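Asker: okay, sequence plus prediction incoming.
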Amino acid sequence: MLFTPFTAKGLNLKNRIVMPPMCNYVAGRVGLATDWHFVHYVTRAVGGVGLIIQEATGVEDGGRITARDLGLWNDGQRDSLERIVAAVHQHGAKIAVQLNHAGRKSEVDYLEPVAPSPIPFSDKHRTPHALTAAEIAAIVDRFAAAARRAAAAGYDAVEIHGAHGYLISQFLSPLGNKRDDGYGGSPAGRARLLGEVVAAVRAVLPATMPIIVRVSASDWEEGGNTPESMAAMLNLVKGEGIDIVHVSSGAVTPAVPRAYPGYQIPFALTVKEKTGLPVIGGGLITEPIQAQQVVKAGVDLVYLGRELMRSPYWPLKAAFVLGQETDWPEPYLRGKFL
């Protein structure tokens with residue numbers, strides 16, 4: 001079942017294997033894609049990944065995690081990404097871009113970090129500026145502008161980063177959001193920014209282009225979000241246009257997750273059960289049989305991060321191990337597993 005096709009709107013995947021967003025920190029001050037990015041992503045397409053989700057890509061300069069991350073706030077950045085998208089397609093994979101605003105976790109030191117509340121991520125981080133309603137609206141507009149550029153560049157889907165303690169995640173979590181206006185307090189208030197971003201992105205994308213939302217289903221800290229509370233907030237805003245939920249956890253605070261192979265799969269299954277949405281799940285998955293069992297358990301798509309860094313042709317080996325026929329790149333046919 002790992003090699004069963006999957007469809008969401010106009011996104012048609014040849015298998016259930018996903019390369020999740022992983023920052024490369026090589027874009028430089030201007031946020032342009034480089035030859036490194038081209039080789040990095042296209043190699044995984046050659047290796048047989050069904051869906052590649054590009055690393056966190058800033059919707060504005062101060063929204064980047066570091067000053068070495070990709071951006072999509074101008075047309076030059078869009079143009080630098082187009083050749084990657086085209087080459088990924090040429091080699092049989094689909095590609096989404098993860099749009100992000102880092103909020104209080106931004107390390108772009110020449111710009112002031114922002115957040116729902118003036119609470120630093122840790123004692124090693126700067127105290128952020130608490131966003132006004134007008135500033136929030138401007139950030140929503142920047143997500144929409146970046147999504148419009150993503151569609152023009154040919155991406156197959158857009159992922160909105162609402163996980164790992166970045167800006168949308170900060171709004172979603174009661175640990176980072178202490179506001180008493182319409183963007184805080186209740187679950188509906190904390191989910192409002194996510195809903196507005198999804199609606200704005202949906203409005204500028206083709207109807208066939210799905211929206212993925214990545215969330216931290218557990219904050220791994222007392223008083224934080226749980227899979228159940230995250231699912232409840234997703235239910236409040238999913239009608240704005242969420243098609244798939246990419247389930248991760250943690251990084252909202254410095255709390256360290258209790259990680260082991262497949263540790264986030266129960267979170268993904270809970271989110272799927274309570275929202276009715278397809279889910280992407282993973283967490284330290286390395287072996288083909290593990291990924292197969294994750295799909296058999298009900299997770300729609302499986303992500304492998306570190307393993308695909310180490311083994312860019314992992315899907316080709318996984319097909320052999322699982323007894324599944326899959327297309328090999330013609331130049332590599334002499335190396336096909338027999």
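Answerer: Received, thanks. Numbers count the residues shown, from 1 in each chain.
Asker: in the protein, which ranges drop under the pLDDT threshold?
Answerer: Filtered on pLDDT under 70, the chain yields no residues whatsoever.
Asker: what's near enough to touch residue 328?
Answerer: By CB atoms under 8 Å, 6 or more residues apart in numbering, the residues touching residue 328 are 316, 336. All C-beta spots, glycine's among them, are computed from the backbone N, C-alpha and C.
Asker: ok, the closest residue in space to residue 155 that isn't next to it in sequence to residue 260 distance?
Answerer: Using CB to CB, 6 or more residues apart in numbering and skipping the chain neighbours, the partner closest in space to residue 155 is residue 97 (5.0 Å). Separation of residue 97 from residue 260 (CB to CB, to the nearest Å): 30 Å.
Asker: so those two - more neighbours on which side?
Answerer: Between residue 97 and residue 260, counted using other CB atoms under 10 Å, the more crowded position is residue 97 (28 against 9).
Asker: for the strand or helix carrying that one, packing partners?
Answerer: Following DSSP states H and E, one finds residue 97 within strand 94-100. Judged by 3 or more CB pairs under 8 Å, 6 or more residues apart in numbering; DSSP states H and E, strand 94-100 is in contact with strand 11-13, strand 51-58, helix 75-90, helix 133-153, strand 157-162.
Asker: surely residue 242 meets residue 214?
Answerer: No: using CB atoms under 8 Å, residue 242 makes no contact with residue 214, being 10.9 Å away.
Asker: compare these two (neighbour count), which wins?
Answerer: Between residue 242 and residue 214, counted using other CB under 10 Å, the more crowded position is residue 214 (26 against 22).
Asker: excluding chain neighbours, what is closest to that one?
Answerer: Sequence neighbours aside, residue 246 is the residue nearest to residue 214 in space, at 3.9 Å (criterion: CB to CB, 6+ apart).
Asker: list the contacts of that neighbour.
Answerer: 20, 53, 159, 163, 212, 213, 214, 215, 279, 280, 303.
Asker: how does it look with 6 Å?
Answerer: 212, 214, 280 (CB atoms under 6 Å, 6 or more residues apart in numbering).
Asker: equivalent analysis for residue 226, please.
Answerer: So residue 226 contacts residue 218 (CB under 6 Å, 6+ apart).
Asker: thinking residue 53 is in contact with residue 157, fair?
Answerer: No: counting by CB atoms under 6 Å, residue 53 does not reach residue 157; the two are 8.1 Å apart.
Asker: now the common contact residues for those two.
Answerer: Common neighbours of residue 53 and residue 157 (CB under 6 Å, 6+ apart) are residue 96.
Asker: distance of the closest residue to residue 329 other than its chain neighbours from residue 174?
Answerer: Distances taken as CB to CB, 6+ apart place residue 46 nearest to residue 329, at 5.4 Å, with adjacent residues excluded. From residue 46 across to residue 174, the span is 44 Å (CB to CB).
Asker: so those two - more neighbours on which side?
Answerer: More crowded of residue 46 and residue 174, by other CB under 10 Å: residue 46, with 21 against 17.
Asker: distance of the more buried one from residue 202?
Answerer: Counting by CB to CB, the gap from residue 46 to residue 202 is 32 Å.
Asker: residue 216 now?
Answerer: 22 Å.
Asker: show me which of these two is the more surrounded one.
Answerer: Higher neighbour count among residue 216 and residue 202: residue 216, with 26 against 19, using other CB under 10 Å.
Asker: do I have it right that that one meets residue 163?
Answerer: Yes: with contact defined as CB under 6 Å, residue 216 counts as touching residue 163 (4.3 Å).
Asker: surely residue 193 is within a helix?
Answerer: Yes: under DSSP: H, G, I helix; E, B strand; the rest coil, residue 193 falls within a helix.
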